[in-house]
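**Student:** Next come a sequence and a model predicted from it.
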Amino acid sequence: MIKENEQGILIVVSGPSGCGKSTLNQLIVSSRKDTIISISDTTRKPREGEKNNVDYNFISKDEFIENITNGKYIEYAIVHSNNYYGTPLDNIDKNLSQGINVILEIDIEGARKVKENKKDAVFIFIMPPSMQILKSRLISRKTETKEQIVERFKKAYQEINEVSKYNYVIVNEDINESIEKMNSIIKCEKCRVDRIEDIYLGNQEEIIHEILMDFEQKEN
Ligand code: 5GP
């Protein structure tokens, strides 16, 4: 009766460092066959345990700048400590056209640029339950120096001020509840009326005729 647009949804997820967005996104894609996370390029050094071409494509600054010149990125930004981060364009449209939802885990500046190009993307902001909890999470993961933690914390304040530019907010207190909320958002977005391409109602006269015939048969 309804033909829906079969395109996947472009889901932009932002939130301060330490809010748990990576964990949440990983859990979402491991439980859904129809959703992937786009792997960004970055010039920052890998943290312990991070894998090249899995967590990020770790590349040099020269390579990054060459990619910018060649128009490889849908968006890029200089995020922390003068490191470049960019979202490669190539895989996004291909996956969306095959009905695969694509998650972009990017900062607010990148999200703003995506909004200019992709009007139908969905923007989700992941919020820590409190700044005290964010502070504890950043310190306890032991992946940044004191200076980097301070820098990320300052940026967190700036980022949280931008939350009203997003479509949805998830306060990441209980991970299972956050997963449920994210899945609900995807479900809701699939029901948007602007995804309807066509409506087949059948012939009104014919259906009314059938109704009348049904009644006539019952009456006799
Ligand atoms: P981290 O160094 O902690 O992995 O990421 C730092 C920040 O960079 C996070 O806010 C993350 O969302 C953002 N980020 C990661 N990849 C990209 C990207 O491709 N583009 C932009 N604009 N930000 C990114």
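**Tutor:** Thanks, I have the structure now.

**Student:** how close does the residue found closest to residue 9 once you drop the neighbours it is linked to in the chain sit to residue 48?
**Tutor:** Nearest residue to residue 9 in three dimensions, chain neighbours excluded: residue 101, at 4.6 Å (C-beta to C-beta, 6 or more residues apart in numbering). C-beta here means a position set from N, CA and C on the backbone, and glycine is covered the same way. Relative to residue 48, residue 101 is positioned 30 Å away (C-beta to C-beta, to the nearest Å).

**Student:** Which one's more surrounded, these two?
**Tutor:** Using other C-beta atoms under 10 Å as the criterion, residue 101 and residue 48 rank with residue 101 on top: 22 against 6.

**Student:** Show the backbone phi and psi for that one.
**Tutor:** Backbone torsions of residue 101, given as degrees, to the nearest 10, read phi -80, psi 140.

**Student:** is the residue nearest to residue 9 in a bridge, and if so with what?
**Tutor:** residue 35 (DSSP bridges).

**Student:** Please name the residues that touch it.
**Tutor:** 8, 9, 10, 11, 32, 34, 35, 36, 186 (C-beta atoms under 8 Å, 6 or more residues apart in numbering).

**Student:** my read: residue 7 touches residue 97, true?
**Tutor:** Yes. In this structure, residue 7 is within contact of residue 97 by C-beta atoms under 8 Å, at 6.4 Å.

**Student:** any idea which element the residue in the chain that the ligand sits nearest to lies in?
**Tutor:** Of all residues in the chain, the one sitting closest to the ligand is residue 110 (2.4 Å; C-beta to the nearest ligand atom). Under the criterion of DSSP states H and E, residue 110 resides in helix 108-117.

**Student:** so how many other residues sit close to residue 217?
**Tutor:** The local packing of residue 217 (other C-beta under 10 Å) involves 8 other residues.

**Student:** Check whether residue 169 really touches residue 123, as I assumed.
**Tutor:** No. In terms of C-beta under 8 Å, residue 169 does not count as a neighbour of residue 123; the distance is 9.8 Å.

**Student:** Neighbour count: those two, which is higher?
**Tutor:** The neighbour comparison of residue 169 against residue 123 (other C-beta under 10 Å) goes to residue 123, with 21 against 16.

**Student:** Not counting residues beside it along the chain, what's closest to that one?
**Tutor:** In space, residue 123 is closest to residue 166, 4.2 Å off (C-beta to C-beta, 6+ apart).
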